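Q: here is a sequence with its predicted model. Questions after.
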Amino acid sequence: MRRGLAALVSAVLVTAPAMAETACPAPGAMQPASGRLPFVQTRHLSNIAEPIGSSGYVDISDAEVVWTVLDPIEVRTVISDAGILQAVEDGPLEPVSSAGVANPMVSESGLIDLLKGNFAAVSTYYDVEEVPASGSAGWRVRLHPKNAGVAEYLTGINLTGCRSIETVEIVQSNGDVMNIGFGTE
């Protein structure tokens, strides 16, 4: 389930689409993302004092999302409607345990819709709360899972942005927090 949650976090981060040059359109007006986006990710684990950092890029297409961590170790995660596959350090792609569409982290978390940038479908899986973005002209959205099985592992997801998703914060029920920033290397 932890790997599925990590994939969900990754998935949420890859929904950063290119938007027209207008003043911060509403999150629901965003179109699906495509192409390559660099990211920097910081994980704050509740039982470890120092945060764990990583960086890489995500490739987004209609068929799949490929989340590639380059530093500190190469890990490639392929997420699609068929499930989640992962390869470590040029190893073979292997299924992440219980990561098929029958897994609640895939089928009931909105993972596929988030990966494809289908922000309009998010309300099927989450209570969506738009909150004022403190100190900026952008927007901020809080997502709280509706499914009790997902809520057992995931407290919520906070998204900020303007013309695209710029940051994602994933808060797990065990106290772990993952922060992802897009467009930085």
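A: Received the coordinates, thanks.

Q: what residues are up against residue 178?
A: Contact analysis of residue 178 by Cβ atoms under 8 Å, 6 or more residues apart in numbering lists 6, 9, 41-44, 168-170, 172. Quick note: C-beta positions are derived from backbone N, CA and C, even for glycine.

Q: quickly find the element holding it.
A: Using DSSP states H and E, residue 178 sits in strand 177-182.

Q: same question for that strand: list its buried residues.
A: 177-182 (16 or more other Cβ atoms under 10 Å).

Q: widest-spaced pair of those residues?
A: Using Cβ to Cβ, the two most remote members of those are 177 and 182, lying 17.2 Å apart.

Q: dump the buried residues of strand 177-182 to TSV, plus pLDDT and distance to residue 156.
A: Output for the buried residues of strand 177-182, formatted as TSV (pLDDT from 0 to 100; distance: Cβ to Cβ, whole Å):
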residue	pLDDT	distance to residue 156
177	96	10
178	93	12
179	94	13
180	90	15
181	90	18
182	85	19
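
Q: could you export the residues you listed as a markdown table, including distance to residue 144?
A: Below are those laid out as a markdown table (distance: Cβ to Cβ, whole Å):
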| residue | distance to residue 144 |
| --- | --- |
| 177 | 15 |
| 178 | 16 |
| 179 | 18 |
| 180 | 19 |
| 181 | 22 |
| 182 | 22 |
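
Q: out of these, the closest to residue 26 would be?
A: Nearest to residue 26 out of those is residue 182 (Cβ to Cβ; 18.6 Å).

Q: what are the boundaries of the helices in this structure?
A: For the chain, the helices defined by DSSP state H occupy 2-13, 104-107, 111-115, 122-125, 148-151.

Q: can you give me the first-to-last residue distance of stretch 109-128?
A: Terminal residues of stretch 109-128 are spaced 13 Å apart (Cα to Cα, to the nearest Å).

Q: pull the strand holding residue 178 out as CSV, backbone CA atoms only.
A: What follows is strand 177-182 as a C-alpha-only set of coordinates in CSV (Å, rounded to 0.1, in the frame of the first residue of the first chain):
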residue,chain,number,x,y,z
VAL,A,177,4.4,14.4,4.3
MET,A,178,5.6,14.6,0.7
ASN,A,179,6.2,18.0,-1.1
ILE,A,180,6.7,18.2,-4.8
GLY,A,181,7.6,21.2,-6.8
PHE,A,182,7.3,21.3,-10.6
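
Q: who does that strand pair up with?
A: Strand 177-182 has the following sheet partners, assigned by DSSP bridges: strand 35-44 (antiparallel), strand 165-172 (antiparallel).
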